[in-house]
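> Sequence first, then the predicted structure, then my questions.
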Amino acid sequence: MKGLDVAPVSVADYRDLARKRLPRFLFDYIDGGANDEMSMAANVADFHRIQLRQRVMRDVSRVDTGTTLAGERCAIPLALAPTGLAGMMSRRCEAAAAKVCATFGVPFTLSTVGICSLEEVTAVSGRPPWFQLYMLRDRDLVLSLLDRALSVGCKTLVFTVDLAVTGVRRRDFRSGMRGEGWRFQFARMLHLLGSPRWVWQVGMRGKPHCFGNLQDQLKNANDLNEYKAFVERNFDPRVTWKDIAWLRDQWPGKILIKGVMCGDDARAAADTGADGVIVSNHGGRQLDGVASTIAKLPEVAAAVGKRVEVLLDGGVRSGTDVVKAVALGARGVLIGRPWIFALAGSGEPGLANLLQLFQREIAVAMALMGVNRIDELDADTVERA
């Protein structure tokens, strides 16, 4: 009986907890996608169309889930994806997540538009995060952010390229997350009144609610509408691969290009000097109707071979999903919504438990597939349903 469940054991369980504890406009912001949310649904559903091959009577007494991502040793082939406004979902959410990741042994990626700053995240976790950046119209601001990332020791830059314009996210308008005027403000206030725990834990004790990496750029970094205006003013739809080549000259560390969905773009990223590509459709939050990331992964992996690392973002909801992605050509995966759900629902212990669940599921799947090491997973270990 569901009412007798004593602990979350899946991403879906943590999603239920997050839905109960977050104000609706914040939950819908994280949970929603673009337009009719077809691509968001496909990201998850298409994993179900891939089956694992079970093999028996093999020595699987030394299963090792460890690997490296962007040159960094990881307990499992997984990193936390950058998520804007994450610090509004749980108290000092990005710093808390980075702390858990440092203890467990996986990378954490801080968004340009996160609530916690690079400096806070590094100080709390004891190690620098991966840093996610967009190409902004103000190149001096880009250089300033790169300098800040370098100053705290960041070695990996995750550069998002699929946000030339913002996708049409209908849930944000229905819930009052987006839009100006008293009706939207009233809707948000009603949602806050229904979430007293969030108001105390995050609204009161989680201050400041500013965009930590953009404080110098916004007159009022606590104002969501000013943030939206900043995005519309600074996100640059003119960006081309020449700009990525410029970025390569500015950044001495590794660069992962996030938002690649075809072989041609993967080759172009490699040609500009990127160290890796992340197959991503922005969690189905940008172009609705685009293919799922797991469906496009084999094409991208085949296009670049071993020239660059290939990672996947979108639709991963379990350790077996991680195994499927690695078998189809990914070095590892990034998860976004799952880590937010875990922290919003159960705090740091929730995220620690979620990562342990993923590791156990990966290890069990590997053992029952007859493999001991992550690099033994390949196309022969899976099949299409």
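Yep, that arrived. Numbers count the residues shown, from 1 in each chain.
> Secondary structure class of the closest residue to residue 12 other than its chain neighbours, three-state.
The shortest distance from residue 12 to any non-neighbouring residue, by Cβ to Cβ, 6 or more residues apart in numbering, is to residue 317 (7.5 Å). For the C-beta atoms, the positions are set from N, CA and C on the backbone; glycine is no exception. Classification of residue 317 using DSSP: H, G, I helix; E, B strand; the rest coil returns coil.
> burial count for residue 317?
Look at residue 317: counted by other Cβ atoms under 10 Å, it has 19 neighbours.
> show me what contacts it?
10, 11, 12, 44, 47, 338 (Cβ atoms under 8 Å, 6 or more residues apart in numbering).
> got any ranges where the stretch 151-300 of the chain has weak pLDDT?
Of all residues in the stretch 151-300 of the chain, those with pLDDT under 70 make up the ranges 218-228.
> Tell me where it has strands.
Here the stretch 151-300 of the chain has its strands, by DSSP state E, counting those that start in this stretch, at 156-160, 254-260, 276-279.
> quick revisit: any idea which of the contacts of residue 317 is closest to residue 312?
residue 47 (10.3 Å; Cβ to Cβ).
> tell me the contacts of the closest one?
With Cβ under 8 Å, 6+ apart, residue 47 has these contacts: 294, 315, 316, 317, 321, 324.
> Not counting its neighbours along the chain, what's nearest it?
residue 321 (4.9 Å).
> Using the centroid of the chain, identify the residue furthest from it.
For the chain, the residue at maximal distance from the C-alpha centroid (Cα atoms, centre = their mean) is residue 57, at 37.4 Å.
> Within the helices and strands, which one has that residue?
Following DSSP states H and E, one finds residue 57 outside all helices and strands.
> Show me what the host helix or strand of residue 150 packs onto, helices and strands only.
Assessed by DSSP H and E, residue 150 sits inside helix 139-151. Judged by 3 or more Cβ pairs under 8 Å, 6 or more residues apart in numbering; DSSP states H and E, the packing partners of helix 139-151 are helix 118-125, strand 130-133, helix 241-250.
> Please repeat the previous calculation with a cut-off of 7 Å.
The criterion is 3 or more Cβ pairs under 7 Å, 6 or more residues apart in numbering; DSSP states H and E, and the helices and strands that helix 139-151 contacts are strand 130-133.
> and the strand it packs on, average pLDDT?
For strand 130-133, mean pLDDT rounds to 97.
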